[in-house]
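Asker: Here is a sequence with its predicted model. Questions after.
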Amino acid sequence: MPQAIPRSSAVRRSSSSSRASLAFAALSLLAAATSLAAPDAPAAAAEICDPSAVPIPSIFDPVSPPAAEIETLSWLLLGICGAIFVVVQGALVHAIWKYRASRAPQTSSGEPVQVYGSNPVELAWTVIPVVIVFVLTLTSVRLIREIELTSPPEGSLKVVVIGHQWWWEYRYPDQGIVTANELVVPVNQPVWLELHSADVIHSWWVPQLAGKTDCIPGHRNATWFEARKTGVYVGQCAEYCGNQHANMLLRVEVRDQAGFDAWVANQQSSPVDDPAVRAGREVFLALACQSCHDVAGVSDGAFGPNLTHLMSRATIGSGVAPLNLDTLRSWVNDPQVLKPGCNMPSLKLDDAQLDAVVAYLASLR
Amino acid sequence: MTTLSTTPVTEPAEAAREPLATRLHRWAITVDHKRLGIMYIASGLVFFVIGGLEAAAMRAQLARAGNDLISPQVFNQLFTMHGTTMVFLVGMPVLLGFGNYLIPLMIGARDMAFPRLNAFGFWLFLFGGLLLYFSYIGAQGLYGASVAPDVGWFAYAPLTDRTFSRGNSTDYWILGIMVSGFGSIATGANLVTTILCMRCKGMTLLRMPMMAWMMLVVGVLVLTALGPLTAAQVMLLFDRHLGAHFFDPQQGGSAVLWQHFFWFFGHPEVYILILPAFGFASEIIPTFSRKVLFGYPLMVAATVAIGFISLSVWAHHMFAVGMGPALNAFFSAMTFIIAVPTGIKIFNWIGTMWGGRIRFEPPMLFATGFVAMFVIGGLTGVMLAMVPFDWQVSDSYFVVGHFHYVLFGGTVFAIFGAIHYWYPKAIGRMLDRRVGVWSFWILFIGFNLTFFPMHISGLLGMPRRIYTYQPDRDLELWNLISSLGVPIQMLGVSLVIWNLVRSAFKGAPAGPDPWDAWTLEWSTSSPPPEHNFDASPAVGSARPLWDLKHPEDPDGRYE
């Protein structure tokens, strides 16, 4: 299994473009060789240091078993289909070139020899494809059985994923954690995702971790991955789910065990009750905020993302912007600016209320 | 070959003497399969331009990351209307229109079996299409909701539920498609009946032109597949307006059920859209290669096999749904299997060209382009049948690239080939050859520029149906190239249309058989008289005109 190699953000762009052009070359020129296919970037790399720099979610840069198996398979498929492409287009181009009217030999009747068919030739181009698709079918079945697990792998972390229009809810039943939009998991431990939807169909797709699986209301689905490398991996909803489908982004942070444990401990703690921001909490409770948002011990709205540890996240609005005081203020003032069409309305707060609420939210670490 | 026809070429000036209203009235009340065929194709081309402009608007929005040219709501309407238009209002009518025009001429019949039903089918299609587009005016209702359908062309539940789709845009989608679908069902029944019952003397099933075989299978698929779609749409209407819960998971319905119903229609539909294209190629390639179609019986067998197998591959659109390993494996295997008869066809076309004397007139350019592009679409289709690979690229731009190679590089190129091939027959005048060659190459380049990079965007993680994408994911370049191909394609399509219009007035008279071809439609005048043939023809082989032209070496000898 090709093991992905960590890269610094400095080499990130060039290396992934070279992968993209490789994909291009493989598809168009049908360079079939699988060995060519998994050229990894210069191994000169430390861990990703800049948290905002994340690798491109290419299916050719896997960091987890299902995605890595599929990557190997992709090169095999590109090789086989590339070879067929070369043979068929080669034959076509040869026929076009050799038998064009200006070159073809003249016959006495003015028409070329009429060939009605040939049993051996036709048998050949029936049987050979049959053999190829037989092999492909067996490969497909074997990999389906390997990847599509029906029960959680041994020792896995369980997370319930609930797709909403247009954000993600993550629940860790064993840890008692509820959070939103950013999945945090430990490295080298299988993660078992139970996929649900609160409204329409969504699809959970982080290409570097695993293929996509749909989140369908009323339909129990699951998928799994096991990240072999720490870092941030991105993806996005892959089933059209309405207005803001394009901004239903996915972000998975893979931490080392200590980092994950620290994150869990923080998420399990109660929110800080900072007297300095009481005014903001009053506004939060007095207005509609609390009817949609859950802050442990303060409000129990269930329609929008849980805000108990809001500031522990790196992004806002399911990934539309990095989370900082400016974007937070802009979002609370009018969410439709950053994410036009999202389901949170502008509450038309006056400046004093806005300052108070933002200060309160900023205290939720 | 003037000996083959006694009717002279109609002079357009003669017809022009009648007042415009009278002429239009003639078209409106016609039950002539040829006029209906032309109306199908012409209205299909109008919708093609509309659907193409919708696509161009989307590509303009996606030319760069984070663009705000088009709002998400409008974008979602654009891709819904583009997909719905291209499948139901372009592909189906144009292909069924060609079936209508050509089948009676090819099998030596006077008209279709049910001429009035035929006219009824056409008007249902046209009004269904207009109803769909009327949503831009009528769908908003009192909700201030979406004005045009925005649920995607396969309209997955429960996004179509009243909770998530307010207003009436989804109802327009349902009813517009349903009405035009009734028209398609009528045409399907008509085609099957005509082909089975109205062949001329001597034309056994195995002497039919390949096009007739393709349309026979298409007719059967239309009858099999459109019924379930109509039924599912009725159920969806019940859900939306009568409180039923077929597809509503909150009330015990199933969202997955809609997908099964839809794709049970949707995948045979893909073959409804590609088999007539195979038919065009199977007529054009032999004529311009000057050779008989290679392996006719195997070609027939492959066509019928595709017809059957296409009914058992539908759930390969649903590998990410979580159907379980057993169903995934079954539909994967069936999808691989259907590649075999499809491959046979490609090999047989190349076998036909092999050893021929190929004349690259515009119809042959488009037909060859069709084979080359369809090979790519077919191969990415094989890749998509590999379930784990599909888990990665399903619903990504890779799939968008794949099906445009099948339906644009495949079907649309074949349609343009067919238009260039049969235009002289239908209009009586030749298309301009130089413009034809230019439009082919321009379209060929524009098409590949737009659709090839989509495979790469998909492999880099870009899902379909997004109105904007993130910067710094290496998507900008590929999307920009895709968008740059659009004006080139628009130029190519404009050239084709200009050629069609101009040649109707200025083209050189075609005569009955401009391509020196071998099937029956070339034995009557161009355009053919309303009764098609002065005397009912009789044939002794699959190539009756070859027999006439080469009495020393008739085809029947090799049957």
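Answerer: Yep, that arrived.
Asker: And the residue nearest the centre of chain A?
Answerer: Nearest residue to the geometric centre of chain A (Cα atoms, centre = their mean): residue A:206, 1.9 Å.
Asker: bridging residues for residue A:158?
Answerer: Per DSSP bridges, the residues bridged to residue A:158 are residue A:192.
Asker: just to revisit the earlier point, not counting sequence-adjacent ones, nearest residue to the residue nearest to the centre of chain A?
Answerer: Of all residues not flanking residue A:206 in the chain, residue A:235 sits nearest, at 3.6 Å (Cβ to Cβ, 6 or more residues apart in numbering or on different chains). (Each C-beta comes from the backbone N, C-alpha and C, glycine too.)
Asker: closest point of the stretch 51-200 of chain A to chain B, which residue?
Answerer: Closest contact between the stretch 51-200 of chain A and chain B, by Cβ to the nearest Cβ, is at residue A:57 (3.4 Å).
Asker: Is that residue in a helix, a strand, or coil?
Answerer: coil (DSSP: H, G, I helix; E, B strand; the rest coil).
Asker: And the pLDDT for it?
Answerer: What the model reports as pLDDT for residue A:57 is 94.
Asker: now it: how far from residue A:231?
Answerer: In this view, residue A:57 and residue A:231 are 12 Å apart by Cβ to Cβ, to the nearest Å.
Asker: And for residue A:155?
Answerer: Residue A:155 sits 22 Å away from residue A:231, going by Cβ to Cβ.
Asker: got the residues of the stretch 151-300 of chain A near chain B?
Answerer: For the stretch 151-300 of chain A, the residues in contact with chain B (Cβ under 8 Å from any Cβ of the partner chain) are A:165, A:195, A:199-201, A:203, A:205, A:207, A:210-214, A:216-222, A:234-247, A:249.
Asker: Just the ones in strands from those, please.
Answerer: Counting by DSSP state E, the part of these found in strands is A:195, A:203, A:213, A:214, A:221, A:222, A:234, A:235, A:236, A:249.
Asker: what's the burial count for the residue in the stretch 151-300 of chain A that chain B sits nearest to?
Answerer: Residue nearest to chain B within the stretch 151-300 of chain A: residue A:211 (2.4 Å; Cβ to the nearest Cβ). Residue A:211: 29 surrounding residues under other Cβ atoms under 10 Å in any protein chain shown.
Asker: Residue A:155 and residue A:231: who's more crowded?
Answerer: Of the pair residue A:155 and residue A:231, residue A:231 is the one with more neighbours under other Cβ under 10 Å, namely 21 against 7.
Asker: which ones are touching the nearest residue to residue A:282 once chain neighbours are set aside?
Answerer: Nearest residue to residue A:282, sequence neighbours excluded (Cβ to Cβ, 6+ apart): residue A:356, at 7.7 Å. Residues in contact with residue A:356, defined by Cβ atoms under 8 Å, 6 or more residues apart in numbering or on different chains, are A:277, A:279, A:280, A:282, A:283.
Asker: can you give me how far the helix or strand containing residue B:99 is from the chain middle?
Answerer: Per DSSP states H and E, residue B:99 falls inside helix B:92-106. Helix B:92-106 sits 11 Å away from the centroid of its parent chain (Cα atoms, centre = their mean, to the nearest Å).
Asker: From residue A:200, how far out is whichever residue of the stretch 101-250 of chain B sits closest to chain A?
Answerer: Here the stretch 101-250 of chain B gets closest to chain A at one residue, residue B:249, 2.9 Å apart by Cβ to the nearest Cβ. Separation of residue B:249 from residue A:200 (Cβ to Cβ) stands at 10 Å.
Asker: quick one: which of the two has more around it?
Answerer: More neighbours surround residue A:200 than the other of residue B:249 and residue A:200, with 29 against 22 (other Cβ under 10 Å).
Asker: quick one: the strands in the stretch 51-200 of chain A?
Answerer: Using DSSP state E, counting those that start in this stretch, the strands of the stretch 51-200 of chain A run over A:157-164, A:167-172, A:177-180, A:182-186, A:191-197.
Asker: pLDDT value on the residue of the stretch 251-365 of chain A found nearest chain B, please?
Answerer: Taking Cβ to the nearest Cβ as the measure, the stretch 251-365 of chain A has residue A:341 as its residue closest to chain B, at 5.3 Å. Note on residue A:341: pLDDT of 88.
Asker: Same check on residue A:54?
Answerer: Residue A:54 carries a pLDDT score of 85 in this model.
Asker: and the residue nearest to residue A:196 when sequence neighbours are not counted, what are its bridge partners?
Answerer: What sits nearest to residue A:196 in space, not counting adjacent residues and going by Cβ to Cβ, 6+ apart, is residue A:162, at 4.8 Å. Beta-bridge pairing for residue A:162 (DSSP bridges): residue A:169, residue A:196.
Asker: mind listing what residue A:162 touches?
Answerer: Taking Cβ under 8 Å, 6+ apart as the criterion, residue A:162 is in contact with A:168, A:169, A:170, A:171, A:196, A:197, A:198, A:215.
Asker: same thing but 6 Å
Answerer: With contacts defined as Cβ atoms under 6 Å, 6 or more residues apart in numbering or on different chains, the neighbours of residue A:162 are A:169, A:196, A:198.
Asker: Up against chain A, what does the stretch 101-250 of chain B have?
Answerer: Those residues of the stretch 101-250 of chain B that sit near chain A, judged by Cβ under 6 Å from any Cβ of the partner chain, are B:152, B:156, B:158, B:159, B:164, B:249.
Asker: burial measure for the fourth one, as a count.
Answerer: Looking back up the chat, that one is residue B:159. 25.
Asker: show me where pLDDT drops low in the stretch 51-200 of chain B?
Answerer: B:141-146 (pLDDT under 70).
Asker: Could you do chain A as well?
Answerer: By pLDDT under 70, the weakly predicted segments of chain A are A:1-53.
Asker: quick check: domain ranges of it?
Answerer: Split into domains by automatic domain parsing, chain A comes to A:9-114, A:157-268, A:275-362.
Asker: Do me a favour and get the end-to-end distance for the second one?
Answerer: It refers to domain A:157-268. Length of domain A:157-268, first residue to last, Cα to Cα, to the nearest Å: 16 Å.
Asker: and what of stretch A:280-293?
Answerer: 15 Å.
Asker: Relative to the whole chain's centre, how far out is it?
Answerer: On Cα atoms, centre = their mean, the centre of stretch A:280-293 falls 33 Å from that of its chain.
Asker: got the buried residues for that stretch?
Answerer: A:280, A:281, A:283, A:284, A:289, A:290, A:292, A:293 (16 or more other Cβ atoms under 10 Å in any protein chain shown).
Asker: Widest-spaced pair of those residues?
Answerer: Greatest spacing in those, by Cβ to Cβ: A:280 and A:292 (16.6 Å).
Asker: Distance check, the residue most central in space within chain B against chain A.
Answerer: The centroid of chain B falls nearest to residue B:91 when counting by Cα atoms, centre = their mean (3.0 Å). From residue B:91 across to chain A, the span is 21 Å (Cβ to the nearest Cβ, to the nearest Å).
Asker: Not counting its neighbours along the chain, what's nearest that residue?
Answerer: residue B:273 (4.4 Å).
Asker: can you tell me which residues contact the residue in the stretch 1-150 of chain B positioned nearest to chain A?
Answerer: Closest residue of the stretch 1-150 of chain B to chain A, Cβ to the nearest Cβ: residue B:72 (5.2 Å). Residue B:72 sits next to A:243, A:341, B:467 when contact means Cβ under 6 Å, 6+ apart.
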